[in-house]
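Trainee: next come a sequence and a model predicted from it.
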Amino acid sequence: MEIGDGYCMIKINREILYKGFRSGCETTWELAKVIIPTAVLVALFKASGLLNWLAHAFGPYMRFLGLPGDAALVLFSGYFVNLYAAAGTIIALDLSLREITILSVMLGFCHSLLVELPISKKAGSSITYILLLRLGCSLLAGVILGGIL
Amino acid sequence: MSILWNGFLQGLSGVWTIARVVIPLMIVLEIAQANNILQRINHVISKPFRWIGLGEEGAFPLVVAMVFGLTFGSGVIIAHMREGKVSDQEGRIIGTFMALCHALIEDTIIFMTLGAPFLFLIIPRVAVAFIACMVVYGVQRKKAVGRTVLLMALIMVLGFGMWGQAHAMGVNGDVWYIMSSADRFGTDAQVSYGGSVSILDLGSLQAGLRCQLIGNPNDWGTLWKLYTNQLEKGNWDPADRLFIQNRSTAFVGGELSVWDNLKLLGNVGYGDTAYAGKEAGSAELDYALYRGMSVQLGLVRTISLGFDLFGTVEYAPAMTSIRQSGSVNHASHASWSALDMGARFRLPFITVRGGIRWQGLEESGSIQEYVGFFLGGGIRF
């Protein structure tokens, strides 16, 4: 199927649709592989009391960002693993909309560091520079949003 | 076991929520990719990237990264660099932008399905990426300018950070009923309006602006003309009387606890004193503008929770003359002093204050003094 005429023509055929559908399913599968184990793990954390301990340990620092202590787990999973893991953690914890908003803006700036820092390096930027830039922007966004929201 | 099962179900429902959006999205992105839509509209999208020193070739990897993700964007930029289409300097800007702002569609959808508002997910990332790249571009273009921009950015960052932390930006205003005045314009009792804005108030550290205006509100235009050097000479109606005085200062200072319920406060300011006046019967306007450093010191004695007595002295010993009319009373330097004594109630968010104020401006052989009661209040947020 082709839509439009001449210059502004868009080609859509079964092959493209199938490829898109398949890459969507692949993404979903990738997502499921991360989110479900994360959610189970966090549930286990919660039940074993480890989460409580973590929340206590990080509570004072997280207060700077206007977040409860257990949100530290979301930040760690987002920073080190990826956004899906962070999403899984958010699903498993009971966070308010305000906290989810702060966390998602923070994680938007800085996530999947273990994967993305080497990619940035390959594209020609220094790892230290990118790390400081992304972490700095993320924490700053947290402090500002934690203050005003 | 039921804990794990619950966790599993929660995760599964989360996957379903995201999958419902991700699959259609991936189909749309695939169509966009197969049709080279980004290449086609690149010359339109790339326009804003000129602000950060990128041409169409440089903007393309960014657009790819913003839509498809960091991996795709990096692929394009690596290819571009190999072909020499992108310089090292451009590469640094692209790297900065790409690190902060990529996969906008996918990342945004993940968090939108969790309930975060759309605009919060898009605007901060794009805006911060642009600002960071402007700083990098500034540093590249000119080192000195770059350093200034960096410093300014740092100050803004600190300021905003602390503001977010301290919840404190205050606005104070007061009205001053002048009981007695002594000046060469024969000003009789008038009302003065004053105010201050504290831009940064951390309790112990403050920075802000103070402003004090004496005179008829109708004459504020004269003051504006004095500042912008637009005062005409000699064509004033001799029957009119006019007086307006302004004292504005930008200050930085703090409070120090010296005793249980006694606090010392001090700040250093830089600002000016300006006045314009005319006696009845004269056709010439008499005006001057002085500018210089000032110091304010004070004591605050807490009587009970939220109720304080205070006294402050402000002194600007040698302000230099910026602009003046040809009156004999004017000098190249003038000194300013002010004394406030009163009480204040500090409630949550609001402050009410009142007391006595004296202030004087001394030029060579001429002094303008005003004494009166003031009453005012402020909010802090």
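Mentor: Right, received. Where do you want to start? Numbers count the residues shown, from 1 in each chain, chains lettered A, B, ... in the order given.
Trainee: which helix runs longest in chain B?
Mentor: What stands out as the longest helix in chain B, according to DSSP state H, is helix B:2-34.
Trainee: next, the buried residues of it.
Mentor: Using 16 or more other Cβ atoms under 10 Å in any protein chain shown as the burial criterion, the residues of helix B:2-34 that qualify are B:6-7, B:10-11, B:14-15, B:17-19, B:21-23, B:25-27, B:29-34. C-beta coordinates here come from the backbone N, C-alpha and C atoms, glycine included.
Trainee: near chain A, which of those show up?
Mentor: Restricting the buried residues of helix B:2-34 to those adjacent to chain A (criterion: Cβ under 8 Å from any Cβ of the partner chain) gives B:6-7, B:10-11, B:14-15, B:18-19, B:22-23, B:25-27, B:29-31, B:34.
Trainee: circling back: could you say what helices and strands the longest helix of chain B packs with?
Mentor: The elements that helix B:2-34 packs onto, with contact taken as 3 or more Cβ pairs under 8 Å, 6 or more residues apart in numbering or on different chains; DSSP states H and E, are helix A:14-48, helix A:83-92, helix B:56-68, helix B:104-113.
Trainee: format those as a markdown table; extra columns: mean pLDDT, distance to residue B:127 and mean neighbour count.
Mentor: Written out in a markdown table, the entries for the helices and strands packed on helix B:2-34 read as follows (pLDDT from 0 to 100; distance: least, Cβ to Cβ, whole Å; neighbours: other Cβ atoms under 10 Å in any protein chain shown):
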| stretch | mean pLDDT | distance to residue B:127 | mean neighbour count |
| --- | --- | --- | --- |
| helix A:14-48 | 84 | 27 | 18 |
| helix A:83-92 | 89 | 20 | 27 |
| helix B:56-68 | 85 | 13 | 22 |
| helix B:104-113 | 88 | 13 | 20 |
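Trainee: let's have those helices in CSV, adding distance to residue B:281.
Mentor: Putting the helices and strands packed on helix B:2-34 into CSV (distance: least, Cβ to Cβ, whole Å) gives the following:
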stretch, distance to residue B:281
helix A:14-48, 85
helix A:83-92, 78
helix B:56-68, 70
helix B:104-113, 72
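Trainee: let me know the average pLDDT across stretch B:308-318.
Mentor: Confidence over stretch B:308-318 (mean pLDDT, whole number) is 89.
Trainee: same check on stretch B:245-256?
Mentor: In this model, stretch B:245-256 has a mean pLDDT of 84.
Trainee: repeat that for stretch B:117-127.
Mentor: What stretch B:117-127 shows for mean pLDDT is 88.
Trainee: cool, and stretch B:289-303?
Mentor: Averaged across stretch B:289-303, the pLDDT comes to 89.
Trainee: also stretch B:6-24?
Mentor: Here the mean pLDDT over stretch B:6-24 is 82, rounded to a whole number.
Trainee: quick check: which ranges of chain B have low pLDDT?
Mentor: B:1, B:142-169, B:187-191, B:194-195, B:198-204, B:232-235, B:327-329, B:348, B:380-381 (pLDDT under 70).
Trainee: show me it divided up by domain.
Mentor: In terms of domains, chain B is parsed into B:2-145, B:167-380 (source: automatic domain parsing).
Trainee: thinking again about what came up before, mind checking how far the longest helix of chain B is from the chain centre?
Mentor: Average the C-alpha atoms of helix B:2-34, do the same for its chain, and the two points are 43 Å apart (Cα atoms, centre = their mean, to the nearest Å).
Trainee: quick one: buried residues of the helix or strand following that helix?
Mentor: Per DSSP states H and E, the first helix or strand lying C-terminal to helix B:2-34 is helix B:37-45. Within helix B:37-45, the residues that qualify as buried are B:38, B:42, B:45, counting by 16+ other Cβ under 10 Å.
Trainee: need the contact partners of helix B:37-45.
Mentor: Around helix B:37-45, the neighbours that count as contacts under Cβ atoms under 8 Å, 6 or more residues apart in numbering or on different chains are A:10, B:31-32, B:56, B:59-60, B:63-64, B:67.
Trainee: where's residue B:292, which helix or strand?
Mentor: Under the criterion of DSSP H and E, residue B:292 resides in strand B:286-304.
Trainee: that strand pairs with which strands?
Mentor: Strand B:286-304 has the following strand partners under DSSP bridges: strand B:262-278 (antiparallel), strand B:307-324 (antiparallel).
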